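Enquirer: Generate coordinates for the sequence data below:
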Amino acid sequence: MGWTMRLVMAPLLLGLTVVITGNLEDDSCVYEALSDTDAVLCKGLEVFYPELGNIGCMYIPDCNDYRQKITYWPQPKVKFPGAVEDATYILVMVDPDAPSKSFPKARFWRHWLVTDVKGTDMKKGKIQGQELSSYQPPSPPARTGFHRYQFFAYLQERKNISLLRKENMTRGKAFPSFNAKVIGRMLHALTEKSEP
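Expert: Just a heads-up that it's a prediction; the model follows:
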């Protein structure tokens, strides 16, 4: 089966290792862009969380308890302004640093997986379709350092996308049958290229 996939990515790098208490009156947040190494994945997606706005390709600021709040906020609004309106997309959110960046044995922990998202909805940030893995907020283990949370949008050219039963049993393993059927080698090649 020949798969032609167009890949659009916006990684989200979060440092949620410590609960930081902040003053809600404090408006001195510093919004810092990702390093060049991680920013290479930033391609067209916009990721909006409450109170923060579009944080695609940004560190979550260390103020106003944002690094704690993001662990319980609902799913973000994810927009792809360049989406083809009559196309269908797959949205994936993963943590490639699970359980830690230095020991990522559960690399690509699946935080969210939605298939059959219409292009018109992707443009508006209205993510609806078949939710194969419901949204799980960022939740890195304590003392594991910064975690990158990456959002990927794939052009879906096949109907009836699903996970195998064993892939549904845990989010902490790569989902190889899904990768093989849908993503192919693109994710692997991109990951290898982005690692130091």
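
Enquirer: From now on I want contacts and neighbour counts done on CA atoms only, so please keep to that.
Expert: Fine.

Enquirer: mind listing the helices for this structure?
Expert: Ranges of helices within the chain are 36-39, 66-69, 119-124, 165-169, 176-178, 186-194, based on DSSP state H.

Enquirer: Now for Thr144, how many residues are close by?
Expert: Other residues near Thr144 come to 18 when the count uses other C-alpha atoms under 10 Å.

Enquirer: again, but for Tyr31
Expert: 14.

Enquirer: do the same with the one 10 residues further on
Expert: Counted by other C-alpha under 10 Å, the residues lying close to Leu41 total 21.

Enquirer: coming back round to it: can you tell me which of the helices of the chain the model trusts least?
Expert: Note on the helices of the chain: lowest mean pLDDT is at helix 186-194, with a mean of 41.

Enquirer: right, and Tyr89 touches Phe152 too?
Expert: No - the criterion here is C-alpha atoms under 8 Å, and Tyr89 misses it with Phe152 at 9.9 Å.

Enquirer: what about these two, which has more around it?
Expert: Tyr89 (26 against 21).

Enquirer: in the sheet, who's paired with the more buried one?
Expert: For Tyr89, the beta-bridge partners under DSSP bridges are Val117, Leu155.

Enquirer: What score does it have for pLDDT?
Expert: Tyr89 is given a pLDDT of 91.

Enquirer: separation between it and Thr71?
Expert: Distance, Tyr89 to Thr71, using C-alpha to C-alpha, to the nearest Å: 26 Å.

Enquirer: ok, now Lys124?
Expert: Look at Lys124 and Thr71: by C-alpha to C-alpha, they are 24 Å apart.

Enquirer: next one: Phe80
Expert: Distance of Phe80 to Thr71, given as C-alpha to C-alpha: 23 Å.

Enquirer: The two - which one has more neighbours?
Expert: Phe80 (23 against 14).
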